[in-house]
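Novice: My questions concern the predicted model and sequence given below.
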Amino acid sequence: MYDSNNIFAKILRGEIPCKKVFENEAVLAFHDIAPAAPVHVLVVPKGAYVSFDDFSAKAPPVELHAFWEAVGKIARDLGVDKSGYRLIANHGKDAAQAVPHFHVHILGGTALGGLVAGDRLAR
Ligand code: AMP
C-alpha cells in the first residue's frame, strides 16, 4: 500500500522544499539531505510506487523508459559519467529502505569502495 504522506510524496506536491537538480513530466531529482558521497542525488518518479519492486511490476513501459532515461541524463549532467558512479535502489527491510516512494540514489564524485557497507556480508 502506497502511503501518500511519505516525505518524497510531500516533496513532489511542493509541501516540503528540496534542492532540485532536474525535473520533467516523469521524474524529479534532488540532492540527498544527508549526502553519503560528494555527489548524492535522488531520482524519484512522479508516479506513486512504493519501491523498485512495485515500480518494476506495475509501471507502464513509457514510465519505465522515461525514468531510466532521466537517471542516465542526470548522471551525465552531474558530470559523474566520466569518473564513474553507483546507482542504489533500496527495496524493503533488508535493504533498510527508509522512504516508501521508489527512488534511485546516484552516488559519485569519489572512489566509492566496496559494494556494500561491511564489504562482503556473505562470508
Ligand atoms: P532509502 O534508505 O533508500 O529509502 O533512502 C532515503 C534517502 O532519503 C536517505 O539517503 C535520506 O538521507 C534521504 N532523505 C530523507 N529525507 C530527505 C529530504 N527531505 N530531502 C532529501 N533527501 C532526504
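Specialist: Nice, I can see it. The structure presented is a predicted model; accordingly, all values stated were derived computationally and were not measured.
Novice: strand partners of the longest strand along the chain, parallel vs antiparallel please.
Specialist: The single longest strand within the chain, with elements called by DSSP state E, is strand 39-45. Sheet pairing for strand 39-45, assigned by DSSP bridges, gives strand 27-31 (antiparallel), strand 104-108 (antiparallel).
Novice: chain center to that strand, what's the gap?
Specialist: 4 Å (CA atoms, centre = their mean, to the nearest Å).
Novice: Which SSE is immediately downstream of that strand?
Specialist: Once strand 39-45 ends, the next helix or strand along the chain (criterion: DSSP states H and E) is helix 52-58.
Novice: Alpha carbons of that following helix, in PDB - could you do that?
Specialist: Coordinates of the C-alpha atoms in helix 52-58 are reproduced here as PDB (Å, rounded to 0.1, in the frame of the first residue of the first chain):
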ATOM      1  CA  PHE A  52      11.700  -0.700  -7.100                       C
ATOM      2  CA  ASP A  53       9.700  -3.900  -6.700                       C
ATOM      3  CA  ASP A  54       6.400  -2.000  -7.100                       C
ATOM      4  CA  PHE A  55       7.700   0.200  -9.900                       C
ATOM      5  CA  SER A  56       9.200  -2.700 -11.900                       C
ATOM      6  CA  ALA A  57       6.000  -4.800 -11.600                       C
ATOM      7  CA  LYS A  58       3.400  -2.000 -12.200                       C
END
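Novice: which secondary structure elements does the next helix or strand after it contact?
Specialist: Proceeding N to C from helix 52-58, the next assigned helix or strand is helix 61-78, under DSSP H and E. Counting contacts by 3 or more CB pairs under 8 Å, 6 or more residues apart in numbering; DSSP states H and E, helix 61-78 is packed against strand 20-23, strand 27-31, strand 39-45, helix 52-58, strand 85-88, strand 104-108. The way it works is simple: take the backbone N, C-alpha and C, and place the C-beta from them, glycine included.
Novice: quick one: helix 61-78 to strand 104-108, angle?
Specialist: Comparing the axes of helix 61-78 and strand 104-108 via axes from the mean of the first three to the mean of the last three CA atoms, to 10 degrees yields an angle of 20 degrees.
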